[in-house]
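K.L.:
Show me how the following folds:
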Amino acid sequence: MGLFSRKRPRPSPLFPQLDDNRAEQLSREISEGFDARGFDSTITGDSVDLVRRETGEELSLDVSKLVAAVARDDSPHAVAAWTQNYIKAAVAIQSAVNPDTRKLYEAVRLVLVGHEGGEVDSSVLYEVVDGLAASLVFDSGEAILPVAVESVTRIDDLATIERAARGNLAAELRGLRIESGYQGVDGSAAGCWVQRSDGPYLSAAPLLMEDFLLRHLPQLPREHGVLFSVPLPNFLLLGEVTQGERLSDTLHMLAAGSLGFIEHSGAPEALSPRVYHWYEGRIEAVSSVTEEGFLIEPSRFLLDRQEG
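P.N.:
Numbering: from 1, shown residues only. Next comes the predicted model:
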């Protein structure tokens, strides 16, 4: 070893994956971050023990994944950034698991989730249509998390909670910033509107479709309802219910587009590749997914218009 070789940083006894300096910084960020949110904290090994000063409630959280993330990221602001995100998520999770009445009514939202049968998630309220279910989430303003139906029914009856969730969704949709564009089909009069936004609420628009269209897409005719698909939480595809070949082309465009969005995104939170027909408050699936791609399965109403 050379005379002036630099010594390797000594592992911290508190967080062995980190050197003393980064471990001290992480410990300080954890303590100050939780302190600012009303918690006293004590770090013990891979856990941080918390006491909420307002209520005396005691919590214990695992910090091993936080430590591992900091160890992998040597960027200058890694410790602060990872810790802030961890604390935001941890506080949001605790609020969702143990909501009080006021917080529940303010934070609960209704969303759509993919549901193709099988085991039902604890946050699901009911099946809306083949491939989609209505689910409850808790929006803390910092994180959006599923909330178990059982946990909220300890606070109030489910009908009251659903009304609150639906009202909060309506408010979210009214204020939503949406990127919207029309995509046509070469050689056809058919086309569809592609809408994108941040967050998971755009895909829940079919639950309040009439009000949503009046505000965000009034130019879309809806005398015979509208066709739609919700491939991802922040995407909504919409098509007009026309007649003949134009209607057939629109159905195929929506089915292909929805499947393509899901396949190319690789997102684990994909909703459904199906196409749906919304008409006078009712929703019906008019396509399904096969090994080869998709199959259009129009209702009698749409068949009559295709043949008309």
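K.L.:
make it CA atoms for all contacts and neighbour counts henceforth
P.N.:
Will do.
K.L.:
show me where pLDDT drops low in the chain?
P.N.:
Low-confidence segments of the chain (pLDDT under 70): 1-11, 93, 95-100, 266-268.
K.L.:
same thing but at 50, please
P.N.:
1, 3-6 (pLDDT under 50).
K.L.:
mind listing the helices for it?
P.N.:
20-36, 64-72, 78-97, 101-107, 149-152, 158-174, 209-216, 244-265, 300-307 (DSSP state H).
K.L.:
Give me the most central residue, the protein.
P.N.:
The chain has residue 200 as the residue nearest its centroid, 4.1 Å off, counting by Cα atoms, centre = their mean.
K.L.:
Can you report phi and psi for that one?
P.N.:
Torsion angles at residue 200 (phi, psi; degrees, to the nearest 10) stand at phi -100, psi 10.
K.L.:
Now do the contacts for it.
P.N.:
Contacts for residue 200 (Cα atoms under 8 Å, 6 or more residues apart in numbering) come out as 111, 233, 234.
K.L.:
Save those as CSV, and put in neighbour count and distance to residue 180 too.
P.N.:
Putting the contacts of residue 200 into CSV (neighbours: other Cα atoms under 10 Å; distance: Cα to Cα, whole Å) gives the following:
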residue, neighbour count, distance to residue 180
111, 25, 20
233, 24, 15
234, 18, 12
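K.L.:
Out of these, flag the one nearest to residue 193.
P.N.:
Taking Cα to Cα as the measure, residue 193 lies nearest residue 234 of the contacts of residue 200, at 13.9 Å.
K.L.:
what's near enough to touch the closest one?
P.N.:
196, 197, 198, 199, 200, 201, 202, 203.
K.L.:
Any quick ChimeraX command for the buried ones out of those residues?
P.N.:
ChimeraX command restricting those to the buried ones, with burial defined by 16 or more other Cα atoms under 10 Å:
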select :196,197,200,201,202,203
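K.L.:
Which single one of the contacts of residue 234 is nearest to residue 44?
P.N.:
residue 199 (35.6 Å).
K.L.:
was I right about that closest one contacting residue 232?
P.N.:
No: look at residue 199 against residue 232 with Cα atoms under 8 Å: they stay out of range, at 10.2 Å.
K.L.:
I'd like to know how far residue 75 sits from residue 137.
P.N.:
Residue 75 is 33 Å from residue 137, where distance means Cα to Cα, to the nearest Å.
K.L.:
for residue 155, that is, sorry about that
P.N.:
Between residue 155 and residue 137 the distance is 15 Å, computed by Cα to Cα.
K.L.:
same deal with residue 220?
P.N.:
As defined by Cα to Cα, residue 220 lies at a distance of 30 Å from residue 137.
K.L.:
swap in residue 295?
P.N.:
Applying Cα to Cα to residue 295 and residue 137 gives a distance of 32 Å.
K.L.:
Over to residue 148?
P.N.:
Distance, residue 148 to residue 137, by Cα to Cα: 8 Å.
K.L.:
more crowded one of those two?
P.N.:
Taking other Cα atoms under 10 Å, residue 148 and residue 137 do not tie; residue 137 has more neighbours (23 against 19).
K.L.:
Please name the residues that touch the more buried one.
P.N.:
Counting by Cα under 8 Å, 6+ apart, residue 137 has contacts 108, 109, 110, 111, 123, 144, 145, 146, 147.
K.L.:
The last one reaches residue 125, doesn't it?
P.N.:
No: Residue 147 is beyond contact range of residue 125, at 10.5 Å (criterion: Cα under 8 Å).
K.L.:
list the residues that contact both of those two?
P.N.:
With Cα under 8 Å, 6+ apart, residue 147 and residue 125 have common neighbours residue 136.
K.L.:
related to what we said a few turns ago, tell me the one of the contacts of residue 137 nearest residue 278?
P.N.:
Out of these, the member with the shortest distance to residue 278 (by Cα to Cα) is residue 111, at 16.7 Å.
K.L.:
can I assume the closest one is in contact with residue 136?
P.N.:
Yes: the pair residue 111 / residue 136 is scored as a contact, 6.4 Å apart, by Cα under 8 Å.
K.L.:
Show me the one of the helices of the chain that comes nearest residue 289.
P.N.:
Closest approach to residue 289 among those is made by helix 244-265 (8.5 Å; Cα to Cα).
K.L.:
Now do the closest one: everything it contacts.
P.N.:
So helix 244-265 is contacted by 185, 188-192, 227-232, 237-241, 270, 272-275, 287, 293-294, 296, 305-308 (Cα under 8 Å, 6+ apart).
K.L.:
could you flag which of the residues you listed are buried?
P.N.:
Buried members of those, counted by 16+ other Cα under 10 Å: 190-192, 227-232, 237-241, 270, 272-275, 287, 294, 296, 305-306.
K.L.:
Show only the entries of those found in strands.
P.N.:
191, 192, 227, 228, 229, 237, 238, 239, 240, 287, 294, 296 (DSSP state E).
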